[in-house]
Every structure is written in structure tokens, then in C-alpha cells.
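A.B. asks: Can you look at this prediction? I've put the sequence above it.
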Amino acid sequence: MRPPLTAEDLEAEARRVLPVEVFDFIAGGADDESTLAANLDAFRLLFLRPRRLVDVSGVDVSTTLLGSPVTAPLFVPPMASHRLVDPEGELASAAAAAEAGVGYVTSLAASTPLEDVADAAGRPRWVQVYMYRDREVTADLIRRAEAAGYDGVCLTIDAPVFGQRRRDLRNRFRQPDDVPLSNLIKYGLAELPDSDDGSAIQAYVARTLDPSTTWADLEWVRSQGSGQVLLKGVMIADDARRAIDAGVDAVIVSNHGGRQLGRLPGTMEVLGEIVDAVGGRLPVLVDGGFRSGADAALALALGAAGVGVGRPVLWALAAGGRALVADYLRALTEDLRRTLALAGAPSLAHLDPSFVGRRP
């Protein structure tokens, strides 16, 4: 595959090379997949409002993301089991992100231990955690992340129960034995139960994760380590304000890539109100449906500090391994730089909401 690399090209190649049940596990969403569609549809209602006769001879998209220098304000969000699509798995995707100079979040459900991923990843790097019924599991994961040199943890709060993913149920998707949930082996939580109806993951989540978690528990999370705490899954302004009161270091506007609940808005539909509610008191990151530099530019103009690019990274990993992931992330960075030049923004600092228009 030759540049320009597009997410659509990579998805088509991944569809060609992956078993259908693996492709659907990655591509699918919850319920009728309306939230999955909403993430993409939200971009079609937005457009850039360019400035003309601006000196864009040296556009710079480098910045810092929660204190770490990055080539572009991009990061790879947590996604499970990269070894489903490539033998190197997370080692390849993390190394590619480091090579491209962008951030990386190791999934709790990674198929490679978080300590090994840390050695491959650059900065910033975080580990995803959930609240387990056995709180010592969560506490130990936070301690492991700190000991391994991560900048902190990404607490995902939108999965008190597991969403109904109909593609996985139809395919009777099962985690392969040779692609373990590596981070959970030491706790005896790496084995998914057998299920005749394809709902093994749902049964696992119901048995292990704590649906009674509330805002009061965030103080406990912070007390388990000295690193950053990012709150992933915020979709309304009130929750963003509560996150500030809870003392987290950043929020991530996210609907879990459309994988938890149907009938939610796309993340770009709510990003602006959340940025306004936060008022600069902490960074707001966002993921969900991002495919191009123009997509990222719209979010950055609306006030996002960083943009997560998920599924296209796994498509690239399936299509060409570590090298193609790095190529895609570099191409995405160049696409962002070109978009800013054509929009008349010499740097990220020049972007503001006036660059964004909305169709009725």
C-alpha cells in the first residue's frame, strides 16, 4: 500500500486479511450501532472556515499533551487484544506510536503485559483501568503502572455493565487461548467463561467489574498512586464539572467507540459543551470516529487538547504491522499540518471555535 494512507484503505485491507469474527469484533458497535454511526455522522455536519492570506510557510502541529512533548496532539486510545491482528500486538502498536511521536494508552485487556508495552511505548503513556469488585485488583494495576513508568492511568467509567455487541453474539466470538488478557493473569481473571450463546465477555464483566462505582470512589483511585488520572467516558457537561471537583488530571470525551450503548450522540456533538463547561481548568481529550487530519483539526479548533485515533491503528496493524502503523500516524500528522495550512492557521494556538461551521 502506498501513501496517501487513508483509514478507509486500511479498513478495506484489514477486512480482506482478518477472519470475519475478528474484523467484526473490532469494527462493531453496541445495539443497532447507531452510536457507532453517530461518531462518523457528526463530522459531516461540521466544516472548516478558512482564513486567507495568512503566512503558513512553517505550520507547526507539535505541542505538549499533559506535560509530554508530542509531534502532534494525537494518541492511540485503549483497545483490546492487538495480538488478534498481529503477532507482535501491543509491542508493535506502542512502538509505532513512539516512532511517530504521539501518545499511547495500554488497554487493560491488552494481550501483552503492561510492563512490556511500557518498554516499547514513548510518552505520554497511560494504562487503562476499570473498577473491579475486588478493589485490590484495581489498586495493584495502578501500582504496576507507576512502577513500569507510565504517566498515570486512564479510568474508563462507561462500562458498569457490558454493552450488547450483536456482531460478536452472532459470530459467537471467543477470545483465542493464545491471545490472553495478559494484565489479568496474576489475579486469576484472565480466563473468560465458556458460553453457549456467545456472551462470554458479558458474563465476565458482570462477574468482575463493579457496577456500584460512584464519584465518591475517585478519591480512592487518586490515593492509590501519584500519577495522572484521566477520566474516560465523559459525555455531558455536568459530569465534566464533577470531574474537576474530583481532582482528575484530564477528561476524555468518549462513547467507547460506540461499543457500549446505542442512541448516544457522536463525541463531536458534545465536545464543545464539555470544553465550555471545563473552562480551561483541565485538558479535554476526545476519541470516537476520527479518521483524518481534518477530523482532528475540527476537534482541536473546538478546544480539544488531544485526539484519540483508534480503529485505524488496528486496521494498519492488521494490514502491515508496526511499520504501517507508524506510516499511518505520520501520514495523519502530515494531513493535520496540511489542513492547518489550507485553513490559514500557522499553529495549533491559532485554532479556535470560529474556524468551525455547522450545517443545519
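C.D. replies: Thanks, I have it.

A.B. asks: ok, now which ones touch the residue positioned nearest the centre of the chain?
C.D. replies: For the chain, the residue sitting closest to the mean C-alpha position, by CA atoms, centre = their mean, is Pro77 at 2.4 Å. By CB atoms under 8 Å, 6 or more residues apart in numbering, the contact list for Pro77 reads 105, 232, 252, 254, 257, 287, 308-310. Where you see a C-beta, it was placed from the backbone N, CA and C, and this is true even at glycine.

A.B. asks: for this protein, which spans come out with low pLDDT?
C.D. replies: 1-3, 192-203 (pLDDT under 70).

A.B. asks: quick one: the helices in it?
C.D. replies: 7-17, 20-27, 34-44, 90-100, 114-120, 135-147, 166-171, 200-208, 218-223, 237-246, 267-278, 293-301, 311-343 (DSSP state H).

A.B. asks: got the angle between the longest strand along the chain and helix 267-278?
C.D. replies: Once the chain is assigned using DSSP state E, the strand that runs over the most residues is strand 228-234. With axes from the mean of the first three to the mean of the last three CA atoms, to 10 degrees applied, the angle from strand 228-234 to helix 267-278 works out at 130 degrees.

A.B. asks: Partner strands of strand 228-234, with direction?
C.D. replies: According to DSSP bridges, strand 228-234 forms sheet pairs with strand 152-156 (parallel), strand 250-253 (parallel).

A.B. asks: Kindly reformat the helices of the chain as CSV and extend each row with distance to Gly67 and mean neighbour count.
C.D. replies: Listed next are those as CSV, based on distance: least, CB to CB, whole Å; neighbours: other CB atoms under 10 Å:
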stretch, distance to Gly67, mean neighbour count
helix 7-17, 29, 17
helix 20-27, 31, 19
helix 34-44, 28, 19
helix 90-100, 17, 24
helix 114-120, 17, 20
helix 135-147, 16, 18
helix 166-171, 37, 17
helix 200-208, 32, 17
helix 218-223, 17, 16
helix 237-246, 18, 17
helix 267-278, 17, 21
helix 293-301, 18, 25
helix 311-343, 20, 22
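
A.B. asks: So which of the strands paired with strand 228-234 is nearest Arg359?
C.D. replies: strand 250-253 (20.9 Å; CB to CB).

A.B. asks: now that closest one: how far from the chain's centre is it?
C.D. replies: 10 Å (CA atoms, centre = their mean, to the nearest Å).

A.B. asks: One more: stretch 339-352?
C.D. replies: With CA atoms, centre = their mean, you get 24 Å for stretch 339-352.

A.B. asks: Stretch 349-360 too?
C.D. replies: On CA atoms, centre = their mean, the centre of stretch 349-360 falls 23 Å from the chain's centre.

A.B. asks: got the buried residues for that stretch?
C.D. replies: Residues of stretch 349-360 classed as buried: 350-351, 355-356 (neighbour count, 16 or more other CB atoms under 10 Å).

A.B. asks: mind checking the end-to-end distance for it?
C.D. replies: Terminal residues of stretch 349-360 lie 28 Å apart, using CA to CA, to the nearest Å.

A.B. asks: Can you tell me which of the buried residues of stretch 349-360 end up in strands?
C.D. replies: Val356.

A.B. asks: May I see the helices of the chain arranged in a markdown table, with distance to Val129 as well?
C.D. replies: Shown next, in a markdown table, are these (distance: least, CB to CB, whole Å):
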| stretch | distance to Val129 |
| --- | --- |
| helix 7-17 | 28 |
| helix 20-27 | 22 |
| helix 34-44 | 23 |
| helix 90-100 | 16 |
| helix 114-120 | 10 |
| helix 135-147 | 5 |
| helix 166-171 | 23 |
| helix 200-208 | 13 |
| helix 218-223 | 8 |
| helix 237-246 | 15 |
| helix 267-278 | 21 |
| helix 293-301 | 25 |
| helix 311-343 | 21 |
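
A.B. asks: Since that was my last question, I'll sign off now.
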